[in-house]
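**Q** Here is a sequence together with a model predicted from it:
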Amino acid sequence: MFTFAPTGGQSRAELHADLLEAAKALTEGEPDGIANMANLAALIWQFLPDLNWAGFYRMVGGELVLGPFIGKPACIRIALGSGVCGTAAATATTQLVPDVHAFPGHIACDAASRSELVVPVIRDGAVIAVIDLDSPSPDRFDEDDARGIEALATAIAARI
(Lines give C-alpha, C1' and ligand atoms only; values in the text may rest on other atoms or scores of the structure.)
Protein backbone atom coordinates (compact mmCIF):
# COMPACT_ATOMS: atom_id res chain seq x y z
CA MET A 1 0.00 0.00 0.00
CA PHE A 2 1.26 3.45 -0.91
CA THR A 3 0.57 6.51 1.22
CA PHE A 4 1.95 9.32 -0.92
CA ALA A 5 0.28 12.66 -0.25
CA PRO A 6 1.10 16.34 -0.35
CA THR A 7 1.86 17.86 3.04
CA GLY A 8 -0.11 21.08 2.55
CA GLY A 9 0.99 24.70 2.78
CA GLN A 10 3.72 24.18 0.19
CA SER A 11 4.73 26.44 -2.67
CA ARG A 12 4.06 25.03 -6.14
CA ALA A 13 7.77 24.31 -6.55
CA GLU A 14 7.86 22.37 -3.27
CA LEU A 15 4.68 20.49 -4.20
CA HIS A 16 6.20 19.45 -7.52
CA ALA A 17 9.42 18.36 -5.81
CA ASP A 18 7.39 16.10 -3.51
CA LEU A 19 5.36 14.82 -6.48
CA LEU A 20 8.59 13.97 -8.30
CA GLU A 21 10.01 12.03 -5.36
CA ALA A 22 6.74 10.13 -4.92
CA ALA A 23 6.63 9.33 -8.65
CA LYS A 24 10.16 7.98 -8.62
CA ALA A 25 9.42 5.80 -5.58
CA LEU A 26 6.11 4.58 -7.02
CA THR A 27 7.54 3.52 -10.39
CA GLU A 28 10.96 2.28 -9.30
CA GLY A 29 11.49 -1.33 -10.34
CA GLU A 30 8.14 -1.66 -12.15
CA PRO A 31 8.74 -2.59 -15.81
CA ASP A 32 5.13 -2.20 -17.02
CA GLY A 33 4.71 1.22 -18.60
CA ILE A 34 0.90 1.16 -18.63
CA ALA A 35 0.78 0.32 -14.92
CA ASN A 36 3.24 3.13 -14.22
CA MET A 37 1.23 5.63 -16.27
CA ALA A 38 -1.95 4.62 -14.43
CA ASN A 39 -0.35 5.12 -11.04
CA LEU A 40 1.26 8.39 -12.14
CA ALA A 41 -2.08 9.78 -13.37
CA ALA A 42 -3.58 8.96 -9.96
CA LEU A 43 -0.59 10.48 -8.17
CA ILE A 44 -0.77 13.71 -10.17
CA TRP A 45 -4.51 13.91 -9.45
CA GLN A 46 -3.83 13.45 -5.74
CA PHE A 47 -1.02 16.04 -5.56
CA LEU A 48 -2.24 18.84 -7.83
CA PRO A 49 -5.44 20.70 -6.95
CA ASP A 50 -8.01 22.12 -9.34
CA LEU A 51 -7.71 19.56 -12.15
CA ASN A 52 -10.55 18.03 -14.14
CA TRP A 53 -8.31 15.74 -16.23
CA ALA A 54 -4.85 14.26 -15.69
CA GLY A 55 -3.24 11.59 -17.78
CA PHE A 56 -1.24 10.41 -20.73
CA TYR A 57 -1.46 10.18 -24.47
CA ARG A 58 0.98 7.65 -25.95
CA MET A 59 2.72 7.94 -29.32
CA VAL A 60 1.53 4.97 -31.38
CA GLY A 61 2.02 4.69 -35.13
CA GLY A 62 2.65 8.40 -35.63
CA GLU A 63 -0.34 9.68 -33.65
CA LEU A 64 -1.29 10.16 -30.02
CA VAL A 65 -3.47 7.44 -28.53
CA LEU A 66 -5.26 7.78 -25.20
CA GLY A 67 -3.41 6.24 -22.26
CA PRO A 68 -4.22 5.96 -18.55
CA PHE A 69 -5.99 9.00 -17.11
CA ILE A 70 -8.38 10.33 -14.49
CA GLY A 71 -11.29 12.50 -15.61
CA LYS A 72 -14.18 12.37 -18.04
CA PRO A 73 -13.94 10.16 -21.14
CA ALA A 74 -11.53 11.70 -23.64
CA CYS A 75 -10.65 11.80 -27.30
CA ILE A 76 -9.03 8.49 -28.21
CA ARG A 77 -6.74 9.59 -31.06
CA ILE A 78 -5.11 12.96 -31.69
CA ALA A 79 -3.16 13.78 -34.84
CA LEU A 80 0.28 15.35 -34.48
CA GLY A 81 -0.03 19.12 -34.63
CA SER A 82 -3.72 19.03 -33.69
CA GLY A 83 -4.85 20.72 -30.48
CA VAL A 84 -2.65 21.33 -27.45
CA CYS A 85 -1.54 17.69 -27.09
CA GLY A 86 -0.78 17.25 -30.77
CA THR A 87 1.17 20.51 -30.82
CA ALA A 88 3.25 19.47 -27.79
CA ALA A 89 4.01 16.12 -29.43
CA ALA A 90 4.79 17.58 -32.87
CA THR A 91 7.10 20.29 -31.52
CA ALA A 92 8.50 18.34 -28.54
CA THR A 93 7.83 21.43 -26.42
CA THR A 94 5.72 22.15 -23.36
CA GLN A 95 2.44 23.89 -24.04
CA LEU A 96 1.26 26.13 -21.19
CA VAL A 97 -2.19 27.43 -22.19
CA PRO A 98 -3.91 29.90 -19.83
CA ASP A 99 -7.10 29.99 -21.95
CA VAL A 100 -7.84 26.96 -24.12
CA HIS A 101 -10.54 28.87 -25.99
CA ALA A 102 -7.82 31.18 -27.36
CA PHE A 103 -5.65 28.25 -28.56
CA PRO A 104 -6.09 27.71 -32.32
CA GLY A 105 -7.48 24.25 -33.00
CA HIS A 106 -8.11 23.38 -29.34
CA ILE A 107 -9.83 20.00 -29.01
CA ALA A 108 -12.56 20.21 -26.35
CA CYS A 109 -12.90 16.72 -24.90
CA ASP A 110 -14.38 18.23 -21.72
CA ALA A 111 -16.23 21.52 -22.21
CA ALA A 112 -15.43 22.45 -18.59
CA SER A 113 -11.69 22.73 -19.32
CA ARG A 114 -10.44 26.31 -19.35
CA SER A 115 -6.64 25.95 -19.09
CA GLU A 116 -4.19 23.21 -20.01
CA LEU A 117 -0.59 22.12 -19.51
CA VAL A 118 0.87 19.49 -21.84
CA VAL A 119 4.43 18.22 -21.47
CA PRO A 120 6.10 15.83 -23.91
CA VAL A 121 7.81 12.73 -22.54
CA ILE A 122 11.00 12.22 -24.54
CA ARG A 123 13.14 9.08 -24.64
CA ASP A 124 16.20 8.69 -26.87
CA GLY A 125 15.36 11.97 -28.62
CA ALA A 126 11.81 10.95 -29.57
CA VAL A 127 8.45 11.91 -28.07
CA ILE A 128 6.93 8.72 -26.67
CA ALA A 129 3.98 10.29 -24.85
CA VAL A 130 2.59 13.50 -23.44
CA ILE A 131 1.39 14.30 -19.93
CA ASP A 132 -1.85 16.25 -20.23
CA LEU A 133 -3.33 18.29 -17.37
CA ASP A 134 -6.60 20.20 -17.72
CA SER A 135 -8.28 22.56 -15.25
CA PRO A 136 -11.74 24.13 -15.11
CA SER A 137 -10.04 27.36 -13.95
CA PRO A 138 -8.56 29.86 -16.39
CA ASP A 139 -4.83 30.49 -15.96
CA ARG A 140 -4.50 27.55 -13.52
CA PHE A 141 -0.96 26.57 -14.54
CA ASP A 142 2.23 28.60 -14.21
CA GLU A 143 5.94 28.23 -14.90
CA ASP A 144 6.47 26.30 -11.64
CA ASP A 145 3.88 23.77 -12.84
CA ALA A 146 5.55 23.55 -16.25
CA ARG A 147 9.03 23.01 -14.73
CA GLY A 148 7.64 20.49 -12.25
CA ILE A 149 5.86 18.38 -14.86
CA GLU A 150 8.88 18.64 -17.19
CA ALA A 151 11.07 17.23 -14.40
CA LEU A 152 8.51 14.46 -13.89
CA ALA A 153 8.47 13.66 -17.62
CA THR A 154 12.26 13.41 -17.67
CA ALA A 155 12.34 11.19 -14.59
CA ILE A 156 9.72 8.73 -15.82
CA ALA A 157 10.65 8.56 -19.52
CA ALA A 158 12.45 5.25 -19.10
CA ARG A 159 9.64 3.85 -16.93
CA ILE A 160 6.67 4.21 -19.27
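**A** Nice, thanks for sending it over.

**Q** Could you list the low-pLDDT ranges of this structure?
**A** Residue ranges of the chain with pLDDT under 70: 1-3.

**Q** Okay, and the residue most central in space within the chain sits in which element?
**A** For the chain, the residue lying nearest the average C-alpha position, counting by CA atoms, centre = their mean, turns out to be Ile131 (2.4 Å). When elements are assigned from DSSP states H and E, Ile131 belongs to strand 126-135.

**Q** Ok, Gly55 next?
**A** For Gly55, the enclosing helix or strand under DSSP H and E is strand 53-60.

**Q** could you say what helices and strands the very next helix or strand once past that strand packs with?
**A** Moving toward the C-terminus from strand 53-60, the next helix or strand (DSSP H and E) is strand 63-71. Using 3 or more CB pairs under 8 Å, 6 or more residues apart in numbering; DSSP states H and E as the contact definition, the elements that strand 63-71 packs against are helix 33-47, strand 53-60, strand 77-79, helix 83-91, strand 126-135. The C-beta positions use only the backbone N, C-alpha and C, and glycine is treated the same way.

**Q** Please find the angle between the direction vectors of strand 63-71 and helix 83-91.
**A** Between the direction of strand 63-71 and that of helix 83-91, the angle (axes from the mean of the first three to the mean of the last three CA atoms, to 10 degrees) works out to 130 degrees.

**Q** Run me through the strand neighbours of strand 63-71, direction for each.
**A** Applying DSSP bridges to the sheet, strand 63-71 is found paired with strand 53-60 (antiparallel), strand 77-79 (antiparallel).

**Q** if we can go back for a sec, now do the buried residues in the strand holding Gly55.
**A** Taking 16 or more other CB atoms under 10 Å as the neighbour-count basis, strand 53-60 is seen to contain the buried residues Trp53, Ala54, Gly55, Phe56, Tyr57, Arg58, Met59.

**Q** and of the residues you listed, the nearest to Cys109?
**A** Trp53 (7.4 Å; CB to CB).

**Q** Now for that closest one: which residues touch it?
**A** Residues in contact with Trp53, defined by CB atoms under 8 Å, 6 or more residues apart in numbering, are Phe69, Ile70, Gly71, Lys72, Ala74, Cys109, Asp110, Ser113, Asp132, Leu133, Asp134.
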